[in-house]
Structures are given as structure tokens and as C-alpha cells.
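**Q** Next come a sequence and a model predicted from it.
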Amino acid sequence: MGLASEMSDLLDNPDRWRKRAEEVLSIADGMRDPECKRAMLDMANSYEKLAQRAEARCRRNRGHQRRSSFEQ
């Protein structure tokens, strides 16, 4: 398994991004500084967007794999 494949596995894992979002939300929950808390909430939102994009890539890849198997 090469580096590109390992990176793809990490980037295309929605659970990984959602776990990070949850961790950041947990940290934000304990913050008192409103500006810092807002920054952490924005970060959690960004992780959720990454999770959604990873899910979309997985759906596209599954669809492509199905089409390829029908073409053989």
C-alpha cells in the first residue's frame, strides 16, 4: 500500500472526520472565551463538511465500481 492509497483511506473516512468534530465540540463546550469558542465551533463545522465530502466520494466510487463490474 503506497502513501497515496493511505492518504486516500484517511481522507475518505467520514467516521474519522466526525470523530474529530466531536472532539473539537467537546473542547469548545468547556471554553469561556467567546472568540475561541466560535473558532472551535467553526472548526467542528469544517470537519463535518469534510465528512460529508468523504461520504459523497465513497458513493461516487461505489457507483463507479458497480458500473465497471457490469462492463466486464
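**A** On my side now, so go ahead.
**Q** Model confidence score at the spatially most central residue of the chain, please.
**A** For the chain, Ala51 is the residue whose C-alpha lies nearest the centre (Cα atoms, centre = their mean; 2.7 Å). As predicted, Ala51 sits at a pLDDT of 96.
**Q** May I see the buried residues of the host helix or strand of it?
**A** Assessed by DSSP states H and E, Ala51 sits inside helix 34-71. Neighbour counts over helix 34-71 (16 or more other Cβ atoms under 10 Å) mark 40, 43-44, 47-48, 50-51, 54-55 as buried. For the C-beta atoms, the positions are set from N, CA and C on the backbone; glycine is no exception.
**Q** separation between Asp33 and Ala39?
**A** 9 Å (Cβ to Cβ, to the nearest Å).
**Q** Then Ala28?
**A** Taken as Cβ to Cβ, the span from Ala28 to Ala39 is 8 Å.
**Q** what does Arg62 give?
**A** 35 Å.
**Q** picking up where we left off before, now do the helix holding Ala51: which elements does it pack against?
**A** helix 14-29 (3 or more Cβ pairs under 8 Å, 6 or more residues apart in numbering; DSSP states H and E).
**Q** So what touches the helix it packs on?
**A** The list of residues contacting helix 14-29 from outside it, by Cβ atoms under 8 Å, 6 or more residues apart in numbering, reads 10, 37, 40-41, 43-45, 47-48, 50-52, 54-55, 58.
**Q** Which two of the residues you listed have the greatest separation?
**A** Spatial extent of the contacts of helix 14-29 (Cβ to Cβ) is set by the pair Lys37 and Cys58 at 31.8 Å.
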